[in-house]
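*Asks:* Using only what follows, build the 3D model:
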Amino acid sequence: MTGIPEAAPEETLRAVSAPQVSVIVPAKDERDNLRELIAEIAAALAGRTHEILVIDDGSRDGTGELLREIAAGMPALRALRHETACGQSCSVRTGLHAARGAVVVTIDGDGENDPAYIPALLAALEAAGPGVALAAGQRTGRKASAAKRLASRVANRLRSWLLADQTRDSGCGLKAIRREVFLRLPYFDSWHRFLPALVLREGYGVTHVDIVDRHRRHGQSKYGIFDRALVGILDLYGVWWLRRRRKRIPQVSVLVDRQAETVGQEAEASR
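*Replies:* Okay, here's the model as predicted:
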């Protein structure tokens, strides 16, 4: 008996086979978009160890069958399923807890986010150093309708004014974030639209990369203008409250850690 707790199976798996990057793709009824999108993600990450986690959010269009077919020839692809639709934020959270990479990339399953920008996000995060936890995409040349662009512009200006999150466009689904920080963020439905503010709340910085928007290839958007706006106002107030309730970020230094000292001595002796 060593007195050291046995590692949980999932933690052991993460330690043994951890890739550099985990890409999380929330998808609801996106069968027609996923094959090409997954191939683009794999091509963008050629040269880096990675995994692609597609979260099937209660799809009814055969998305699950397609993912099984693709996974048969792509070991890096992992697929999880919600039996009933739980929403994009819940899908991202499911992927986050299953991810093994130190850096997590989120990307929408509709194909509007171009995976070719993933290396630029990763490079920006690496160049910014450990004090920056999020590289956020910001869309340019948006292909949405004029009404949606106007609604988005108004919402982004209100959010930026109220939260001071240093971000022009928090609604872009393409982001790269350090997993250990991501796991600390308070969860609520729609949290994926407020990641810059939540990361700043934890005392970390945010950097940005411009992303050229592109057209959805197949299907229709799952979001309307008014349903998103009404929920967004409540969420905006909630995040404002969360930021105000975090008055100080602790600067932690180690006084005593006998276990870490013992592990270090054992590692030195084994050399």
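
*Asks:* Contact partners for the most centrally placed residue in the chain?
*Replies:* Closest to where the C-alpha atoms of the chain average out (C-alpha atoms, centre = their mean) is residue 106, at 3.6 Å. Shown in contact with residue 106 (C-beta atoms under 8 Å, 6 or more residues apart in numbering): 23-24, 26, 92, 95, 173-175, 177, 192. C-beta: built from backbone N, CA, C; applies to glycine.

*Asks:* Closest one to residue 163 out of these, please.
*Replies:* residue 192 (14.8 Å; C-beta to C-beta).

*Asks:* Closest one to residue 80 out of the contacts of residue 106, please.
*Replies:* Relative to residue 80, and with distances defined as C-beta to C-beta, the nearest of the contacts of residue 106 is residue 95, at 7.1 Å.

*Asks:* which among the contacts of residue 106 gets closest to residue 203?
*Replies:* Taking C-beta to C-beta as the measure, residue 203 sits nearest to residue 177 out of the contacts of residue 106, at 14.4 Å.

*Asks:* need the contact list for that closest one.
*Replies:* Residue 177 touches 103-106, 125, 133-135, 195, 199, counting by C-beta under 8 Å, 6+ apart.

*Asks:* what would the residues you listed look like in JSON lines with secondary structure, pLDDT and distance to residue 30?
*Replies:* Output for the contacts of residue 177, formatted as JSON lines (DSSP: H, G, I helix; E, B strand; the rest coil; pLDDT from 0 to 100; distance: C-beta to C-beta, whole Å):
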{"residue": "103", "secondary structure": "strand", "pLDDT": "98", "distance to residue 30": "24"}
{"residue": "104", "secondary structure": "strand", "pLDDT": "98", "distance to residue 30": "20"}
{"residue": "105", "secondary structure": "strand", "pLDDT": "98", "distance to residue 30": "17"}
{"residue": "106", "secondary structure": "strand", "pLDDT": "98", "distance to residue 30": "15"}
{"residue": "125", "secondary structure": "helix", "pLDDT": "98", "distance to residue 30": "26"}
{"residue": "133", "secondary structure": "strand", "pLDDT": "98", "distance to residue 30": "28"}
{"residue": "134", "secondary structure": "strand", "pLDDT": "97", "distance to residue 30": "25"}
{"residue": "135", "secondary structure": "strand", "pLDDT": "97", "distance to residue 30": "24"}
{"residue": "195", "secondary structure": "helix", "pLDDT": "93", "distance to residue 30": "21"}
{"residue": "199", "secondary structure": "helix", "pLDDT": "95", "distance to residue 30": "27"}
